[in-house]
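Visitor: Could you work out the structure for the sequence below:
(chains A and B)
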Amino acid sequence: MKRIITLSSRKLVDTVKHGGCGACQTSCQSACKTSCGVANQKCENTLNR
Amino acid sequence: MIHQYKLNGYNIVLDTYSGSVHVVDELAYDIIGLYEHASSDKITTLMLEKYQTNPEITEVEIQETLTDIQELINHGQLFTEDEFSDLSIDLRNRKTYVKALCFNVAHTCNLSCDYCFASQGKYNGDRAIMSFDVGKRAIDFLIENSGHHRNLDIDFFGGEPLMAWNVVKQIVSYARSKEKEYHKKFRFTFTTNGMLLNKKVTEFLNEEMDNVVLSLDGRKEVHDRLRRTVNGKGSYDHIVPKFQEFIKNRGEKEYYVRGTYTHDNVDFTNDIFHIADLGFDKLSMEPVICNPKEPYALTEEDLPEIYNQYEILAKEMIARNENGKKFTFYHYMLDLSEGPCIQKRISGCGSGTEYLAVTPWGELFPCHQFVGDEEFSMGNIWDGITKPEIQAQFKASNCYSKPECQNCWAKLYCSGGCPANSLHATGSINGTFEFSCDIFRKRVECSMMVKVAESIGEMEI
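Guide: The predicted structure follows:
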């Protein structure tokens, strides 16, 4: 596309099938302790990649 | 739902429900802004009028851009409909298992930080150190209630957990002894103010802890203003050399230097850059959460400068990436292609369900932020969850259950926010702490811009 660059190819709907395994860390474990952000969490399920 | 914004010369469009991020030129940016509200003919007329002095913008160009936008819609990457509301109901009804415990091993501290949410480690109660018997039983409780989860996370927290050093070592050793038998993998995190760090402690933490969080607020005068010993002496000079030595021996293992900013240092990027210049490269800086009446509490009037600071941080990170002085910032660690699944994005931090806090006496709370609030005492490690109604409240609370989140473009990045912050600000875990939301949205915008800059840079190479 001439005027649009799409950076992320994976769609959230594609993660439904293998999602929710819970292998990832809970959000507050890492470094915040006072806020909830999930988007910066690592996915540890290779089926979702 | 989409969110479009301009930052640092980039025109960015986020498609909320697909998670797609697009970088577009001016024409595409304008057309996307009009797309849902105007016909193609109307858009063409408006664009020809707006760009009449630009000979490159012709009717054909506009039509081609409209076609590209339609193609993205057809591929589910733009103006995507919300397909997750049923899933959010399923998640509320799901069976959950505990996979992480915050071990409050020390309800006491060797610092007396003014802003401490844990009231200088005491959590509004008595001082205490967890016994090994309680720690051992807490490990057993976690294994018994972890179901299918193989990775079990334990966070040593306080107060200052180094004041419970011997019991920490015993708990780690006990947990390790159970891994093989129960097919579990324990991952430990340790949060410390650094006052008691020494060679032996460093060796142990670097061997056993998957992550270590080191508390440092930044510049000496900022850090020492609020992070003082019980005698009122600043702690900066004592801990910084210890942290530097610690990191030298850390290798590639994860750590964060984590600070808190307040009304007294709204120019907090100077603290982040100071920490980076001390040689640390994995950083986190959080807004203070406290009673609004405190003199250091952040105010609505601080917001414009806070926004500005997050932009400064993003731009500086891009610059330092290019000149080899790269550092990571916890809230800017977006993974646009392999980030968390939608279930995680809806169900959130897991407090009260998959993540609990255990006190030195073995009492269970939804997370460390609720410890000491008797209304949220959920049970104990011997009897388990005795108040399932509290757990049910937490399980049901997410970005789909909060009315204020429905039209928020960032809801799948925060899952509805921190329940403890909501409680403190609104009186309910289902409330919305708008001030925190404003900051969160700004951070997402900035972090996305950093990712855009990195991606575009790679494309140019």
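Visitor: For chain A, which residue gets nearest to chain B?
Guide: Residue of chain A nearest chain B, by CB to the nearest CB: residue A:19 (2.9 Å). For the C-beta atoms, the positions are set from N, CA and C on the backbone; glycine is no exception.
Visitor: Would you agree that residue falls within a helix?
Guide: No: according to DSSP: H, G, I helix; E, B strand; the rest coil, residue A:19 belongs to no helix; its state is coil.
Visitor: so what's it up against?
Guide: Each residue near residue A:19 by CB atoms under 8 Å, 6 or more residues apart in numbering or on different chains is listed here: A:45, A:48, B:341, B:342, B:343, B:344.
Visitor: which one in chain B is furthest away from the centre?
Guide: Distance from the centre of chain B peaks at residue B:55, with 46.7 Å (CA atoms, centre = their mean).
Visitor: Could you report the distance from that residue to chain A?
Guide: 16 Å (CB to the nearest CB, to the nearest Å).
Visitor: Contacts only, for the nearest residue to residue B:294 once chain neighbours are set aside.
Guide: Nearest residue to residue B:294, sequence neighbours excluded (CB to CB, 6 or more residues apart in numbering or on different chains): residue B:115, at 7.3 Å. Residue B:115 makes contact with B:226, B:260, B:262, B:288, B:290, B:294, B:296, according to CB under 8 Å, 6+ apart.
Visitor: Tell me, how many residues neighbour the third one?
Guide: I take that to be residue B:262. Applying other CB atoms under 10 Å in any protein chain shown, we find 22 residues neighbouring residue B:262.
Visitor: That one against residue B:299, yeah?
Guide: No: using CB atoms under 8 Å, residue B:262 is not in contact with residue B:299, being 10.5 Å away.
Visitor: ok, is the host helix or strand of residue B:345 in contact with chain A or not?
Guide: Secondary structure from DSSP states H and E places residue B:345 in helix B:342-347. Yes: applying CB under 8 Å from any CB of the partner chain, one finds helix B:342-347 in contact with chain A at B:342, B:343, B:344, B:345, B:347.
Visitor: who does that helix touch, helix- and strand-wise?
Guide: Other helices and strands packing on helix B:342-347, by 3 or more CB pairs under 8 Å, 6 or more residues apart in numbering or on different chains; DSSP states H and E, are helix B:85-92, helix B:411-414.
Visitor: So what's the model's average confidence on it?
Guide: Average pLDDT, helix B:342-347: 90.
Visitor: Next SSE downstream of it?
Guide: strand B:355-358.
Visitor: Distance from the chain centre to that next one, please.
Guide: 17 Å (CA atoms, centre = their mean, to the nearest Å).
Visitor: The helix or strand following that strand - contacts with which helices or strands?
Guide: Sequence order places strand B:363-365 as the next helix or strand after strand B:355-358, per DSSP H and E. Contacts defined by 3+ CB pairs under 8 Å, 6+ apart place strand B:363-365 against strand B:355-358, strand B:379-380.
Visitor: Pick the most buried one from these.
Guide: Ranked by mean neighbour count, the helices and strands packed on strand B:363-365 are led by strand B:355-358 with a mean of 27 (mean count of other CB atoms under 10 Å in any protein chain shown).
Visitor: What are the contacting residues of that one?
Guide: A:26, A:28-29, B:98-104, B:134, B:138, B:141, B:157, B:349, B:364-368, B:370-371, B:378, B:381.
Visitor: Equivalent analysis for stretch B:176-189, please.
Guide: With CB under 8 Å, 6+ apart as the test, stretch B:176-189 has contacts from A:25, A:29-30, B:139-140, B:143, B:146, B:149-156, B:172, B:175, B:208-213.
Visitor: tell me the contacts of the closest residue to the residue of chain A closest to chain B other than its chain neighbours?
Guide: Take residue A:19 and drop its neighbours on the chain: the residue closest to it by CB to CB, 6+ apart is residue B:341, 2.9 Å away. Contact analysis of residue B:341 by CB under 8 Å, 6+ apart lists A:12, A:15, A:16, A:18, A:19, A:20, A:21, A:43, A:45, A:48.
Visitor: go on, residue B:250?
Guide: Contacts for residue B:250 were tallied using CB under 8 Å, 6+ apart; they are B:206, B:212.
Visitor: Now do the residue nearest to residue B:125 when sequence neighbours are not counted, the pLDDT please.
Guide: Closest residue to residue B:125 apart from its sequence neighbours, by CB to CB, 6+ apart: residue B:372 at 5.5 Å. What the model reports for residue B:372 is a pLDDT of 92.
Visitor: hang on, residue B:372 packs against residue B:121?
Guide: No: if you go by CB under 8 Å, residue B:372 and residue B:121 don't touch, sitting 10.9 Å apart.
Visitor: ok, those two, which is more surrounded?
Guide: Higher neighbour count among residue B:372 and residue B:121: residue B:121, with 23 against 20, using other CB under 10 Å.
Visitor: Helix, strand, or coil at residue B:231?
Guide: Applying three-state DSSP: residue B:231 is coil.
Visitor: Now do it against residue B:110, distance only.
Guide: Look at residue B:231 and residue B:110: by CB to CB, to the nearest Å, they are 10 Å apart.
Visitor: Tell me which residue of chain A is furthest from the middle?
Guide: Per CA atoms, centre = their mean, the residue of chain A sitting farthest from its centre is residue A:2 (28.5 Å).
Visitor: Which secondary structure state does that one sit in?
Guide: Applying three-state DSSP: residue A:2 is coil.
Visitor: can you check the one 3 residues further on too?
Guide: With three-state DSSP as the basis, residue A:5 sits in strand.
Visitor: I appreciate the help and will end here.
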